[in-house]
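Q: need a structure here:
(one chain, ligands or ions: 1)
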Amino acid sequence: MSPGRRTFYLTTPIYYVNATPHLGHAYTTIVADAMARYRRLAGDDVWFLTGTDEHGDNIAQAAAQASVSPQAYADRISSAFREAWLGLGITNDDFIRTTEARHKTVVQAILRTLWDRGEIYLGTYGGQYCFGCERFYTEKENADGKCPDHQRPLTYIEEENYFFKMSKYQRWLTEHIEGHPEMIRPERYRNEILGFLRDPLQDLSISRPRTRLEWGIPLPFDDKYVTYVWFDALINYVSALGGPGDTRFETYWPHAQHLIGKDILKPHAVYWPCMLQAAGLPVYTRLHVHGYWTVGGQKMSKSLGNVVEPRAFIEGYGRVGNDAFRYFIMREMTFGLDADFSKDAFLGRFNADLANDLGNFVSRASTMIQNFGDGVIPTPRPAPGGPGPGEEWEFALPAALLKAKDEIAAAMDDFAFQKALAAIGEYIARLNQYVDAMHPWTLAKDTDPAARERLTGVLYMLGASLRCLGILLTPFLPDASARILAAVGETGKLGLSEARYDRLSPGGRVQKVSGLFPRLEPPTRGDARPEEGVTGKPGSRITIDEFGKVELRVAEVLAAEPVPKSKKLLKLTVSLGTEQRTVVAGIAEHYAPADLVGKRVVVVANLEPARLMGVASDGMVLAGSSGERLAVVVLDRDLPSGARVT
Ligand code: ME8
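A: Numbering: from 1, shown residues only. Modelled structure (predicted):
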């Protein structure tokens, strides 16, 4: 093993098979996947587990309702989870089902050990029980006699059951959590558990009589009982590694890090460490707890009809859907806190971060290497006239990259996915600033040798930036990062340590990447639509207010190409500063595409989008004409893209 290589065992909860995968399940699984991909990128040894929780009353009841056997029911929904994760590109190394023999064997072995060690006894228990949650509620928890989750009345039941002597671990657990400040993260959940441990801890009922519930793992020392579903489920983290003694267990268990939602904090932070301690197994190292998603401000529920089904949501956005969904949920939720999912928020982040910032840079950089460097990474040489304007960027870009890498590393150590993405966002902003500052299109027109050399240097930096960005994005946007890397000729596996400015080989070919994240919906444009009749006849007068309805903006032409099968039309990709648009203009008989790239033109930005020869055009370029002659309106001095023209 190489020095500094760390080992990670990452787990998600195993999901109940009484509901199909939704946004909440997808969030935990996607962040776990991003973490697994990040650690692999950093060269670490990773084992990533997810799976399904298939026993218990809830599942038995759902199966009965569907008139199928519990096993057939579990098979169906477990496959739905497996397929959903496959569709979302989740890179789990294993998928555990609690109905598998490998799991049952380990559960029974652990129960046997606990029984032999005197950690389990037969007792009587009476209390208020919720069949939905499959658990008894204490008096404190059920003040109004209803289950707080299901809002159904609780039922008093009394039965003989086996109990795990959890109460005797109260002091040990408190001290263990206090002695391991990093064990439960973020801090608020650690405090919540320490608060809970101030009250006396009860023993845990770990069995259900088979007369009441058949669907479970029989106790190895009394087959009139099956194992309580939580006791069975938690053991998945150990059984999936083959259990104590297995090489995989010995390799990964000492590095176990569990990821869960806040709803299942108590079983993971209280029952599970006590169970492990009692069985003589080491406690996991970390428990990472995230908050809850609401949808449109409300709890997600079938009855409200607001359940977000990830596959269906993503399919609505075609190829970019998967990356965009991953990006949104990781960027929007502060890990540990609750967050709200809405289409508006999704579109907002998509257009601002992915289309405008990331997509814009990737398109500009790759297009300029195409147009000004013949699509080949040049060999940078010192400019003959000595260092020139913008030279400081040669240090500023590597510094920005290093800063991003450090911030991502710190954020990922803390499971702060939103911070890691914010750090990448800052790096992208610097890259766009670099392009704006260097004006490669101006250098391209300058015949002075010093300017040519400077252009060569800029094109090299742009190529190297694309490569570094592609690497940094790998864990978060797997598809987009692969496209960016492929565009600079990288199709093999690259590690995080490869993200450096001196690793790009001159001479390599670069492909143009346009439409990495095409804008989804023009914002607020409906408000400013010109009304019918405003244009008027030549010679007729309009008021200043009428003129004000036309939104004219400065736009930089990033790329231009002929529209296939059309003699007159050119397709222009223009930047309006914060956004990028495609505009079709009838100027092909007057301009060669290359002549337009880098020009600052004026576009009507609030025109209704239209399709011209099958190409969607979102705006109009101003041009004057007289007889056969046509001239595009350009600015005679520099103004930033997006500046208003009045
Ligand atoms: O509890 N927001 O399974 P489960 C965020 N089988 N995350 C959510 C969410 C939401 N609205 N809804 C669900 C179980 N989740 C047990 C676990 S583990 C040994 C046994 C996610 O299907 C979150 O990760 O109810 C939560 O902890 C988990 O799904 C609960 O999944």
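Q: count residues in the vicinity of the residue of the stretch 1-150 of the chain found nearest the ligand, would you?
A: Closest residue of the stretch 1-150 of the chain to the ligand, CB to the nearest ligand atom: Gly24 (2.1 Å). Yep, even glycine has a C-beta here, placed from its N, CA and C like the rest. Look at Gly24: counted by other CB atoms under 10 Å, it has 21 neighbours.
Q: quick check: Gly280 touching Asp116?
A: No - the criterion here is CB atoms under 8 Å, and Gly280 misses it with Asp116 at 11.1 Å.
Q: which residues does the residue of the stretch 451-600 of the chain found nearest the ligand contact?
A: Closest to the ligand within the stretch 451-600 of the chain is Phe476: 18.7 Å, counting by CB to the nearest ligand atom. Listed by CB atoms under 8 Å, 6 or more residues apart in numbering, the contact set of Phe476 reads Ala34, Arg326, Tyr327, Met330, Phe417, Ala420, Leu421, Ile424.
Q: what about the fourth one, which helix or strand?
A: Counting by DSSP states H and E, the element that carries Met330 is helix 321-332.
Q: for the residue nearest to Asn360 when sequence neighbours are not counted, grab phi and psi.
A: Spatial nearest neighbour of Asn360, excluding adjacent residues (CB to CB, 6 or more residues apart in numbering): Gln580 at 4.8 Å. Main-chain torsions, Gln580, degrees, to the nearest 10: phi -120, psi 140.
Q: same question for Pro209.
A: phi -60, psi 140.
Q: and if you look at the one 3 residues further on?
A: The phi/psi pair for Arg212 (degrees, to the nearest 10) reads phi -100, psi -30.
Q: before we move on, what about Thr7?
A: According to degrees, to the nearest 10, Thr7 has phi -110, psi 140.
Q: now the one 10 residues further on
A: Note on Val17: backbone dihedrals following degrees, to the nearest 10 are phi -90, psi 30.
Q: OK, contacts around it?
A: Thr52, Asp53, Glu54, Ile59, Ala62, Tyr73, Ala74, Arg76, Ile77, Ser78, Phe81.
Q: do the least confident helix or strand in the chain by mean pLDDT and the ligand meet?
A: Least confident element among the helices and strands of the chain, by mean pLDDT, DSSP states H and E: strand 135-137 (a mean of 78). No - figure legend: strand 135-137 not in contact with the ligand (CB under 6 Å from any ligand atom); closest approach 11.8 Å.
Q: other SSEs contacting that strand?
A: On a contact count with 3 or more CB pairs under 8 Å, 6 or more residues apart in numbering; DSSP states H and E, strand 135-137 meets strand 120-130.
Q: contact partners of the strand it packs on?
A: By CB under 8 Å, 6+ apart, strand 120-130 touches 111, 114, 135-139, 142, 145, 147, 149-150, 152, 154-165, 203, 205-206, 222.
Q: now, of these, which are buried?
A: For the contacts of strand 120-130, burial is judged from neighbour counts taken by 16 or more other CB atoms under 10 Å, and it is met by 111, 114, 135-137, 142, 147, 154, 159, 161-165, 203, 205-206.
Q: thinking again about what came up before, what separates the least confident helix or strand of the chain from the chain centre, distance-wise?
A: 36 Å (CA atoms, centre = their mean, to the nearest Å).
Q: most neighbours of all the contacts of Val17, which one?
A: Top of those by neighbour count (other CB under 10 Å): Glu54, with 28 neighbours.
Q: list the contacts of that one.
A: Contacts of Glu54 by CB under 8 Å, 6+ apart are Tyr16, Val17, Pro70, Ala74, Ser78, Arg97, Thr98, Thr99.
Q: for the ligand, tell me which of these show up nearby.
A: Answer for the contacts of Glu54 near the ligand (CB under 6 Å from any ligand atom): Tyr16.
Q: how near is the residue nearest to Asn360 to Ala559?
A: Distance from Gln580 to Ala559, counting by CB to CB, to the nearest Å: 10 Å.
Q: now do the contacts for Thr105.
A: Ser239, Gly243.
Q: again with Ala74
A: Val17, Thr52, Glu54, Ile59, Ala63, Arg97, Thr99.
Q: can you give the distance of the helix or strand hosting it from its chain's centre?
A: Here Ala74 sits within helix 70-87, counting by DSSP H and E. Remark: helix 70-87 is offset 23 Å from the chain centroid, using CA atoms, centre = their mean.
Q: now do it, average pLDDT.
A: The average pLDDT within helix 70-87 is 97.
Q: quick one, that helix and helix 321-332 angle?
A: 90 degrees (axes from the mean of the first three to the mean of the last three CA atoms, to 10 degrees).
Q: and the helix or strand that helix 70-87 is followed by, which residues are buried?
A: Following helix 70-87 in sequence order, the next helix or strand is strand 94-97 (DSSP H and E). For strand 94-97, a neighbour-count test (16+ other CB under 10 Å) marks Phe95, Ile96, Arg97 as buried.
Q: what does the average pLDDT come to for strand 94-97?
A: Here the average pLDDT along strand 94-97 is 98.
Q: grab the CA positions of it and hand them over as PDB.
A: Output in PDB follows, covering the C-alpha atoms of strand 94-97 (Å, rounded to 0.1, in the frame of the first residue of the first chain):
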ATOM      1  CA  ASP A  94     -21.800  -4.500  -2.700                       C
ATOM      2  CA  PHE A  95     -25.500  -4.500  -2.200                       C
ATOM      3  CA  ILE A  96     -26.700  -6.400   0.900                       C
ATOM      4  CA  ARG A  97     -30.200  -7.800   1.400                       C
END
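Q: can you tell me what sits against stretch 157-169?
A: Under CB under 8 Å, 6+ apart, the answer for stretch 157-169 is 114, 119-127, 129, 200-209, 212, 219, 222, 225, 231, 270-271, 273-275, 277-278.
Q: please name the residues that touch the one residue sitting closest to the centre of the chain.
A: The chain has Arg326 as the residue nearest its centroid, 2.8 Å off, counting by CA atoms, centre = their mean. Contact partners of Arg326, counting by CB under 8 Å, 6+ apart, are Ile30, Ala34, Leu88, Phe476, Leu477, Pro478.
Q: about what we covered before: okay if I get the contacts of Val17 as JSON lines plus distance to Tyr591?
A: Shown next, in JSON lines, are the contacts of Val17 (distance: CB to CB, whole Å):
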{"residue": "Thr52", "distance to Tyr591": "60"}
{"residue": "Asp53", "distance to Tyr591": "64"}
{"residue": "Glu54", "distance to Tyr591": "66"}
{"residue": "Ile59", "distance to Tyr591": "67"}
{"residue": "Ala62", "distance to Tyr591": "66"}
{"residue": "Tyr73", "distance to Tyr591": "65"}
{"residue": "Ala74", "distance to Tyr591": "65"}
{"residue": "Arg76", "distance to Tyr591": "60"}
{"residue": "Ile77", "distance to Tyr591": "59"}
{"residue": "Ser78", "distance to Tyr591": "60"}
{"residue": "Phe81", "distance to Tyr591": "55"}
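Q: wait, which of the residues you listed is closest to Asp340?
A: Phe81 (24.5 Å; CB to CB).
Q: how much space between that closest one and Arg637?
A: Following CB to CB, the distance that separates Phe81 from Arg637 is 60 Å.
Q: okay, and the beta partners of whatever residue of the stretch 151-300 of the chain ends up closest to the ligand?
A: For the stretch 151-300 of the chain, the nearest residue to the ligand under the criterion CB to the nearest ligand atom is Gly261, separated by 2.7 Å. Gly261 forms beta bridges with His290, as assigned by DSSP bridges.
Q: what about the nearest residue to Asn432 once chain neighbours are set aside, how many residues close to it?
A: Distances taken as CB to CB, 6+ apart put Phe361 closest to Asn432, at 5.2 Å, once the chain neighbours are dropped. By other CB under 10 Å, the residues close to Phe361 number 26.
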